[in-house]
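J.: From the sequence below, what's the structure:
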Amino acid sequence: MTPRPTTLWSSGAGLDGAMWEYTSGADREWDARLLRWDILGSLGHIESLRAGKLLSSGEHARLRTGLRAALIAVDAGRLTVGPRHEDIHTAVEEWLTRRLPGIGERLHTGRSRNDQVACDVRLYLKDRLLTVHAAALDFAGALIGFAARHRAVLWPGYTHGRRAMPSSVGLWAGACAEGVLDTVESLQGFWPQVDRSPLGSAAGYGVPLPLRREAAAGALGFAGTDRNVATVQGGRGKLEAAALFWCTQLGHDTARLSQDVILFSGEEYGYLALPSALATGSSIMPHKRNPDLFELTRAGVGALEGDLLAVMQIKAKLGGGYHRDFQLLKEPLMRGLDRATAMLRMLALAVPRLGVDRARCAAALEGGTLATDEVMRRVENGRAFRKAYREVAAALDGGRRFPSPSRERIISRRRSTGGLGNLGLGEARARVRRARTWERRQRGRFDAALARLAGKRPKR
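T.: Take a look at the predicted model:
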């Protein structure tokens, strides 16, 4: 028998069961991830009510105690979203009202589920984006370490899938690291939008009460508020899309590296070697060592792009104000953030364990890969570039081979900024440190505010 529905907007009588399940059932799994954030948001909201003298000191104290108890109940698994609940907001208010009759019903004063869930999502986003940020920096750090260990191991660079000029394992890994860092640093560009409280906007038009919106924002560790109340619902989907686009860009960094590892660890290249702990086998071919983790990363990026596209399509072309369509933003957002975190963490573990076959790398440099070095040698001896280029091209067409310069000479001739003889890994490490400092500052401010709300001592 289906439990009688509990909602915040009616007695639940007369609701069609099929309609109830269609509008609520599929959302509960994703909504449940916001349960803790919903209680923390409510703790922030009652600070606004108290500051506006909409709660007495006694009522405020009892609600705060009750909500802190709700947090403990969530962590212990005693407060959950059940089949009779439409959403987490209903579950929390029902739980609180049973324990604080006459007081629990005051919690929703001056608030709509619309600004409530917008607050939950922003708190969730702040936490998850900082988690992805940390994982990306771990990945970049692993790449920088790999580049430093193999900075002098030469192999071919490629254009059009053909050997082009000498490169190095260090140059390749360093470039991957700097690409990740470019993406990581862009989080700071849209972070201020995430770091604004939507509470007090209610259903999108504010409320005729003396709410102190800044009190809620400060209590929750937000840097400010969305000033115009109507911007909150109009912005639904924009933050989700920005977050997933950022994750997708990080995903492209992981996919590019994964594709190179898949290719260069194959028998035809053999530059990189997968340790047995990072490879999978075949159920029929006992010799196989497959790069499944890198293939799944490459495929996962396509799935992540799908999450971004879903958000873009859901939010596109909607008019102003709230629409129930926004409910469907949660699933692709949460799934995409999970995917990005998992990919980055896996590659941060995998990269340091890759092997490098120095002999195979060196052998691949023979032939045309060093032709440009011969052109530049002639330029340094006084030849005009175009003439030297044509001379070397003609010689190669005639089957002539040029003596290969030593590894030391190849490296020494590439000392300009960013070349394989001057990777600048120290600056890359400095970028990681600066990004970590920013992240820890944001995390510290956020965690300290929420710890105070929860009645806990902030971690140092």
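J.: Quick one: the strands in the stretch 201-350 of the chain, in order.
T.: Ranges of strands in the stretch 201-350 of the chain, per DSSP state E, counting those that start in this stretch, are 224-225, 272-273.
J.: So which elements touch the first one?
T.: With contacts defined as 3 or more C-beta pairs under 8 Å, 6 or more residues apart in numbering; DSSP states H and E, strand 224-225 has these neighbours: strand 196-197, helix 213-219. Glycine gets a C-beta too; all of them are placed from N, C-alpha and C.
J.: To Leu34, which of those lies closest?
T.: Ranking the helices and strands packed on strand 224-225 by proximity to Leu34 (C-beta to C-beta) places strand 196-197 first, at 15.7 Å.
J.: What are the contacting residues of that closest one?
T.: Residues from elsewhere that reach strand 196-197 (C-beta atoms under 8 Å, 6 or more residues apart in numbering): 44, 119, 122, 213, 216-217, 220, 222-226.
J.: again, only using 6 Å
T.: 216-217, 222, 224-226 (C-beta atoms under 6 Å, 6 or more residues apart in numbering).
J.: And that strand, how far out from the chain middle?
T.: Taking C-alpha atoms, centre = their mean, to the nearest Å, one finds strand 196-197 lying 20 Å from the centre of the chain it belongs to.
J.: try stretch 158-165
T.: The answer for stretch 158-165 is 32 Å, by C-alpha atoms, centre = their mean.
J.: And it, what's buried?
T.: Buried residues in stretch 158-165, counted by 16 or more other C-beta atoms under 10 Å: 163, 165.
J.: cool, stretch 141-157 as well?
T.: In stretch 141-157, counting by 16+ other C-beta under 10 Å, buried: 141-148, 150-151, 153-156.
J.: Give the buried subset of the contacts of strand 196-197 as a PyMOL selection command.
T.: The PyMOL command for the buried members of the contacts of strand 196-197 (criterion: 16+ other C-beta under 10 Å) is given here:
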select buried, resi 216+217+222+225+226
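J.: Give me the pLDDT value at the residue nearest to His133 when sequence neighbours are not counted.
T.: Spatially, and ignoring its direct neighbours in sequence, His133 is nearest to Glu439 (5.2 Å; C-beta to C-beta, 6 or more residues apart in numbering). On the pLDDT scale, Glu439 is placed at 98.
J.: got it, and the one 3 residues further on?
T.: As summarised for this prediction, Gln442 has a pLDDT of 97.
J.: What helices and strands are in contact with the helix or strand where it lies?
T.: Assigned by DSSP states H and E, Gln442 falls within helix 425-454. Counting contacts by 3 or more C-beta pairs under 6 Å, 6 or more residues apart in numbering; DSSP states H and E, helix 425-454 packs against helix 35-51, helix 113-149, helix 169-185.
J.: Out of these, which one sits most buried?
T.: helix 35-51 (a mean of 24; mean count of other C-beta atoms under 10 Å).
J.: who touches the host helix or strand of Arg378?
T.: According to DSSP H and E, Arg378 maps onto helix 371-380. Here helix 371-380 makes contact (C-beta under 6 Å, 6+ apart) with 165, 385, 388-389, 392, 402, 405.
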